[in-house]
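Enquirer: this is a predicted model, with the sequence first.
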Amino acid sequence: MFLALDIGGANIKVSLLEVDDAFVLKSAKLHYPLWVRGVDGLSKAIEHAVALLSCDPKSASSIALTMTAELSDVFRDKKEGVNAVLHKAREVFKDFKVVANDGSLLSPREAADRYMSVAAANWWCVGWLASFFEKNCIVVDVGSTTTTVTPVVEGRVAARGFNDVEKMALGEIIYVGALRTPISSVVPAVPINGLWCRTSSEYFANVGDANLVLGLLKEEEYDVATPDGRGKSARECHERLSRVVCGDGNMLKPLQTKLMARFVYEKVVERIVEGILQVLSRLALEDRCPDVGFAAGLGDFIALSAIERAGLRGISFRNILGRDNSVALTSASLATYLAHSMGVDVERWISSLR
């Protein structure tokens, strides 16, 4: 069996690919806000995440990880962040590999030396996996916090950006997600009572509140702390959304905040469409514009809307790999790539999923 982890600043995703009698891929996600719980507890959190799959790491044929946690402001810079994650992973695993942004699988020592190559390289294996389904496509992975757009051209990962700054500039990262994004960072004003009401810049509500009110997320999928520390019921989301315009749950009706939520949702989709079209515009310059987009992540419903609005045929990885593997596609694709690198014929299994 092959074990893979994506260690982020807000979540740890873990996937296990069993290849003995039949191919079985399963994944889980653990919310671990690094800036709240600290680096010291990261090794225990990694152990907890792996335990969600009832997996003994000592039984794994190979282990690999990728990371985005190095961006957290608990670290002074990316080098410190990468080294800290590697150190905590060493406390849990005897040996493991780290994927780089060119698909190389590095030892921990090599990863420390090439820290900028392994920082936020979790997108590469996603593109690699998608290439087995469509030789020319994009993958739009909407997580709780960020969205990644990864192009594939002629069966090869064709991303142009190799670090976060480059990818943010190129439209390959859009900093909106399905949960943690503050409402005020998406919209400067919302429609209320036939008027445009400015939004407060306070962290009163997030996109998760909007998605839950719209029925696009279930309470159990809202697995991060709420802005006010209260619950995740529709009523409590309504109250938080009311506060975005400096009101409260008694001043506004649920129908009003539902319309506000719809406006926010449309603007989130619009932001992602902009990124997709920016990426496609570069590919079009080379006459290599795909017509298929894969939606993945916790916010795959957002991704699918954006893909189709950008004029592409949308396919949900949820329908191919299952909900949990789509949510944790970064670790699920890494587990598959790890098995492939060890000589396992994963292509035959992937072909059966088409």
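Expert: Sure, I can see it. Numbers count the residues shown, from 1 in each chain.
Enquirer: from Ile7, how far out is the closest residue to Leu106 other than its chain neighbours?
Expert: Spatial nearest neighbour of Leu106, excluding adjacent residues (Cβ to Cβ, 6 or more residues apart in numbering): Val98 at 4.9 Å. All C-beta atoms are positioned from the backbone trio N, CA, C, and that covers glycine. Distance, Val98 to Ile7, by Cβ to Cβ, to the nearest Å: 10 Å.
Enquirer: now Asp164
Expert: Counting by Cβ to Cβ, the gap from Asp164 to Ile7 is 15 Å.
Enquirer: mind listing the strands for the chain?
Expert: For the chain, applying DSSP state E gives strands covering 2-7, 11-18, 24-31, 62-67, 97-99, 105-106, 137-142, 147-153, 156-157, 173-174, 189-192, 195-198, 292-296, 313-316.
Enquirer: out of those strands, which is closest to Glu270?
Expert: Minimum separation from Glu270 across the strands of the chain (Cβ to Cβ) falls at strand 173-174, 10.4 Å.
Enquirer: which strands and helices lie in contact with that closest one?
Expert: Strand 173-174 is packed against strand 147-153, helix 254-285, with contacts defined by 3 or more Cβ pairs under 8 Å, 6 or more residues apart in numbering; DSSP states H and E.
Enquirer: mind listing the strands that strand pairs with, and their directions?
Expert: Counting by DSSP bridges, the strands paired with strand 173-174 are strand 147-153 (antiparallel).
Enquirer: could you give the mean pLDDT of the partner strand?
Expert: The average pLDDT for strand 147-153 rounds to 98.
Enquirer: output it as PDB, nothing but the C-alphas.
Expert: The C-alpha trace of strand 147-153 is given here as PDB (Å, rounded to 0.1, in the frame of the first residue of the first chain):
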ATOM      1  CA  THR A 147      -8.400  27.500  -5.900                       C
ATOM      2  CA  THR A 148      -5.800  26.000  -8.200                       C
ATOM      3  CA  VAL A 149      -6.100  25.900 -12.000                       C
ATOM      4  CA  THR A 150      -3.700  23.300 -13.500                       C
ATOM      5  CA  PRO A 151      -3.500  22.900 -17.300                       C
ATOM      6  CA  VAL A 152      -2.600  19.700 -19.100                       C
ATOM      7  CA  VAL A 153      -1.400  19.800 -22.700                       C
END
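Enquirer: make 350 the first number, not 1, from now on.
Expert: Noted, 350 is the first residue going forward, which turns the last one into strand 496-502.
Enquirer: got the angle for it vs strand 486-491?
Expert: With axes from the mean of the first three to the mean of the last three Cα atoms, to 10 degrees defining the directions, strand 496-502 sits at 170 degrees from strand 486-491.
Enquirer: contacting residues around strand 496-502?
Expert: 471-473, 475-476, 479-480, 483-490, 506-508, 516, 520-526, 621, 624-625, 628-629, 632, 637, 639, 646, 648, 651-652 (Cβ atoms under 8 Å, 6 or more residues apart in numbering).
Enquirer: centre-most residue in this structure?
Expert: Nearest to the mean C-alpha position of the chain, by Cα atoms, centre = their mean, lies Gly492 at 3.2 Å.
Enquirer: mind checking which helix or strand of the protein has the lowest mean pLDDT?
Expert: Sorting the helices and strands of the chain by mean pLDDT, DSSP states H and E puts helix 695-702 at the bottom, at a mean of 93.
Enquirer: got the contact list for it?
Expert: Phe372, Leu478, Phe481, Phe482, Ile669, Leu670, Thr685, Ala688, His689.
Enquirer: the residue nearest to Leu455: neighbour count?
Expert: 27 (other Cβ atoms under 10 Å).
Enquirer: ditto for Met416
Expert: Neighbour number of Met416 under other Cβ under 10 Å is 27.
Enquirer: residues touching it, list them.
Expert: With contacts taken as Cβ under 8 Å, 6+ apart, Met416 has the following neighbours: Asp355, Ile356, Gly357, Gly430, Val431, Val434, Val447, Val467, Ala468, Ala469, Ala470, Asn471.
Enquirer: one more: Glu515?
Expert: Per Cβ under 8 Å, 6+ apart, neighbours of Glu515: Arg509, Glu521.
Enquirer: which strand residues bridge the residue nearest to Leu455?
Expert: Leu414, Leu455.
Enquirer: that older thread, and the angle from the least confident helix or strand of the chain to strand 351-356?
Expert: 80 degrees.
Enquirer: sorry, back to before: for the strands of the chain, give me a markdown table that also has distance to Asp422.
Expert: What follows is the strands of the chain, written out as a markdown table (distance: least, Cβ to Cβ, whole Å):
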| stretch | distance to Asp422 |
| --- | --- |
| strand 351-356 | 16 |
| strand 360-367 | 17 |
| strand 373-380 | 18 |
| strand 411-416 | 15 |
| strand 446-448 | 22 |
| strand 454-455 | 25 |
| strand 486-491 | 23 |
| strand 496-502 | 20 |
| strand 505-506 | 29 |
| strand 522-523 | 17 |
| strand 538-541 | 29 |
| strand 544-547 | 28 |
| strand 641-645 | 27 |
| strand 662-665 | 33 |
